[in-house]
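S.K.: Fold the following.
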Amino acid sequence: MAAARAAAKQVTKRNFPEALQELAAHLKECDYVAVAALKTGAPTGWRRALPVDTAETAYLKAKLAAESFQPLHIAVCPFRFDATSHSTVVAYPYNFHLFPRDELQLGMPSYSFSCQTSYFSSMARDGFDFNMCIYDGISYLSRVQESLARQKIFIPHLRQPSPSPSTTVADSVFTTRIKSRIQHWRKGYAEPSKTADGSLVNSLRKLILGGESYGSRPSMSIDVCSDRQVQLVLETINRVSDDLVPLVVPDKAGMSRAVRVIFTSSEEDKNLLLMDIQKLEDEHSVKFRGFREVIDLLSSSQKPIISYNCLNDLTMIHTKFIGPLPPNMHEFTCSLRMVFSSVVDVGHLWREIGPLRNAKNIQAALSYLQRQYFVPMEIEIPQQDGTNSVTKGGENVLRITKLFAKLSMLLKISPKHQSQSGEQHHTVEDFCNIFYPGCMAGESDDVDCTKEPDITRTVSTDSVIFLWGFRKTSAKELRYLLTRLHHVFSNDFELRLLDKTCSVLIFRSSDTPMELLREISSESPSLNNFFSEGLKAAGFDVYWKVCRLGLWDSDLAEALEAVSSEQATSALSGHGTSEIYWNSSLMLDIKEYLEC
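M.R.: Sure thing, here's the model as predicted:
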């Protein structure tokens, strides 16, 4: 990563405008964009995505995290395969430092967000510059927040006259009066007196004509009472002369209260004025949008977004830069596609290579590919001005870039809409917009995928039982206890811990859990020993309802207890059957908590 450290561009509010221009140029010449984020924290305990989660419950957990934490750093890396050497990737990494600063003093974005000290400690060890983030970080508003902000802050703006319907007598009287006033005012500046008047006379002339100014240019204001009058004034100004530039001035309620007319001395002067007005509007818009300018650039480029654990990163991007998150996964994916039409999760992509299904993180996947496949791949990063060392997020985005490039070569993936002749090739669209629950492990972890069996399998939610009320014990002892309490536990099942209070049981057959839930709902005498031990159980529907109701502040057992006591037999139906990607190696064993 030495080259990457020398070439990644650090972007703060100081160099943000020029970085936007450079990024726009790089997006045009690249095929993909890798994205990685660093936030103020991550879900812990049962609130993080687990193999027991369906796509829907994983989304609800990602929604919780996105609404709780804030992004401090987002790395964006447009890249393409070199035309002369497909084993070389040309990349342009940018490290954007963010901070939710209320520059417009409107109370947006909110200053309230969660932070995890352990997360910050890890970021500090990796060299994250918190001072740069807090003092020079780029602010931002979402599209929804910008719309609300523009209703509270109003600036004079250019406006084109629209075709008007037939005029009334009142319109004609108003237009005649305004036209006479504008012509008289303009004549005083366009045809100044040739006599050597003194300063007092010039001052009186300006006072009589309307002694306002817009910068160094003469101007006058025409009060209006309605949008109709605004249109009449704009039409009149257009008919009077081409050297006049009108600006519509709104009041605090956003209604037009006046039209300011600015006199320009020449065509060149008029063009300079229009450029200055546009520049002021652009600068004000940057204050409104901030980092969202980058999101809008990525969206308009229509380039595929490459990321890892997309569900977490993209829910965060949605709520911070687009708008509030929808209540369910389907609405979220529909909303997201309106911004990013193509998203590829490398965590899903490496599942296409059998042994990699058990890789726990990007580094593990890269290590496996390095050992098992000859896929030469170099990342070339052209030198960018104002560079500095990369942060952890910057390193992650380059790992994502390299991993995607290697997987593209192995799976024969071509850029969007580019088909290859000859042997079978895929387009990147074949792997887009697939979101499934993903479990993350530390980047330092490694996995020898060739020595581990494929332990990921698809499991029906009907085969899942949540169990709580047990005393502190080991997994082996709890399993032995269950086999003595009821015959259903003599069947083959796996037992893992979700938090300190609740475990999950995965049965090979869905008939067994259904039988147990029926007997629990009818308080069958055959479960007297089970009940006497204080044990309680529920099906997946209860867990799904806990997530849907957002009972995140409780231990899982407490939340399941509250919901199961309300719905009795409804645990047997209501949500329908879904599938989970069960991987027992990514779960915590009971003794891991009890030995802490």
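
S.K.: for the record, mean pLDDT for the host helix or strand of Lys28?
M.R.: Here Lys28 sits within helix 16-29, counting by DSSP states H and E. The average pLDDT within helix 16-29 is 93.

S.K.: Let's see it as CSV, backbone CA atoms only.
M.R.: Provided in CSV are the C-alpha atoms of helix 16-29 (Å, rounded to 0.1, in the frame of the first residue of the first chain):
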residue,chain,number,x,y,z
PHE,A,16,-13.5,20.4,-1.4
PRO,A,17,-14.6,22.6,-4.5
GLU,A,18,-11.5,21.7,-6.5
ALA,A,19,-11.6,18.0,-5.4
LEU,A,20,-15.2,17.9,-6.8
GLN,A,21,-14.0,19.0,-10.2
GLU,A,22,-11.2,16.4,-10.2
LEU,A,23,-13.5,13.6,-9.1
ALA,A,24,-16.0,14.5,-11.8
ALA,A,25,-13.3,14.2,-14.4
HIS,A,26,-12.1,10.8,-13.0
LEU,A,27,-15.6,9.5,-12.9
LYS,A,28,-16.0,10.1,-16.7
GLU,A,29,-12.9,8.0,-17.5
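
S.K.: And the pLDDT for Pro109?
M.R.: 72.

S.K.: oh, I was asking about Glu191
M.R.: On the pLDDT scale, Glu191 gets 69.

S.K.: Check Val169 too.
M.R.: Per-residue confidence (pLDDT) for Val169: 86.

S.K.: Ok, Glu592 next?
M.R.: 39.

S.K.: By average pLDDT, which secondary structure element in the chain comes out worst?
M.R.: helix 590-594 (a mean of 40; mean pLDDT, DSSP states H and E).

S.K.: tell me the contacts of the most centrally placed residue in the chain?
M.R.: With distances taken as Cα atoms, centre = their mean, Ile317 lies nearest the centre of the chain, 0.8 Å away. Counting by Cβ atoms under 8 Å, 6 or more residues apart in numbering, Ile317 touches Val35, Ala37, Ile295. In short, each C-beta sits where N, CA and C put it, glycine included.

S.K.: Which secondary structure element is home to it?
M.R.: Assessed by DSSP H and E, Ile317 sits inside helix 310-321.

S.K.: That helix: what's the following helix or strand?
M.R.: helix 329-337.

S.K.: now what about that next one, what contacts it?
M.R.: Against helix 329-337 from outside (Cβ under 8 Å, 6+ apart): 55-56, 59, 63, 314-315, 318, 322-323, 325-326, 343, 433, 435.

S.K.: and with 7 Å instead?
M.R.: Ala55, Glu56, Tyr59, Leu314, His318, Leu325, Pro326, Asn433, Phe435 (Cβ atoms under 7 Å, 6 or more residues apart in numbering).

S.K.: surely the last one meets Ala55?
M.R.: Yes. Contact criterion Cβ atoms under 7 Å: Phe435 and Ala55 qualify, at 6.2 Å.

S.K.: in the helix or strand encompassing Leu247, what's buried?
M.R.: Assigned by DSSP H and E, Leu247 belongs to strand 244-250. Going by neighbour count (16 or more other Cβ atoms under 10 Å), the buried part of strand 244-250 is Leu244, Val245, Pro246, Leu247, Val248, Val249.

S.K.: how much distance is there from the next helix or strand after it to the middle of the chain?
M.R.: Next in sequence after strand 244-250, counting helices and strands by DSSP H and E, comes strand 256-263. Relative to its parent chain, strand 256-263 has a centroid offset of 40 Å by Cα atoms, centre = their mean, to the nearest Å.

S.K.: Compare Phe435 and Ala55 (neighbour count), which wins?
M.R.: A count of neighbours by other Cβ atoms under 10 Å puts Phe435 above the other of Phe435 and Ala55, at 21 against 18.

S.K.: ok, that one - contacts?
M.R.: With contacts defined as Cβ under 7 Å, 6+ apart, the neighbours of Phe435 are Ala55, Cys310, Leu311, Thr333.

S.K.: ok, Ala37 touching Leu314?
M.R.: No. With contact defined as Cβ under 7 Å, Ala37 does not reach Leu314; the gap is 9.5 Å.

S.K.: So what does the closest residue to Ala124 other than its chain neighbours have for phi and psi?
M.R.: Of all residues not flanking Ala124 in the chain, Phe130 sits nearest, at 7.3 Å (Cβ to Cβ, 6 or more residues apart in numbering). When quoted as degrees, to the nearest 10, the phi and psi of Phe130 stand at phi -70, psi -30.

S.K.: just Leu505 next, same as before
M.R.: Recorded main-chain torsions at Leu505 are phi -120, psi 130, according to degrees, to the nearest 10.

S.K.: Tell me where the stretch 1-150 of the chain has strands.
M.R.: 9-11, 32-39, 71-81, 88-91, 94-97 (DSSP state E, counting those that start in this stretch).

S.K.: Lys536: what's its closest spatial neighbour, skipping adjacent residues?
M.R.: Nearest one to Lys536, counting by Cβ to Cβ, 6+ apart, is Gly469 at 4.7 Å.

S.K.: ignore the last one, Glu579
M.R.: Nearest one to Glu579, counting by Cβ to Cβ, 6+ apart, is Thr458 at 5.2 Å.

S.K.: sec struct for that neighbour, please.
M.R.: Of the three states, Thr458 takes strand under DSSP: H, G, I helix; E, B strand; the rest coil.

S.K.: Quick check: it touching Ile506?
M.R.: No. Using Cβ under 7 Å as the test, Thr458 is too far from Ile506 to be in contact (11.6 Å).

S.K.: Which one's more surrounded, the two?
M.R.: Ile506 (22 against 8).

S.K.: Give the bridge partners for the more buried one, please.
M.R.: Beta-bridge pairing for Ile506 (DSSP bridges): Val464, Glu494.

S.K.: can I assume it is in contact with Val459?
M.R.: Yes. Using Cβ under 7 Å, Ile506 is in contact with Val459, at 6.0 Å.

S.K.: and for those two, which residues touch both?
M.R.: By Cβ under 7 Å, 6+ apart, Ile506 and Val459 have these common neighbours: Trp582.
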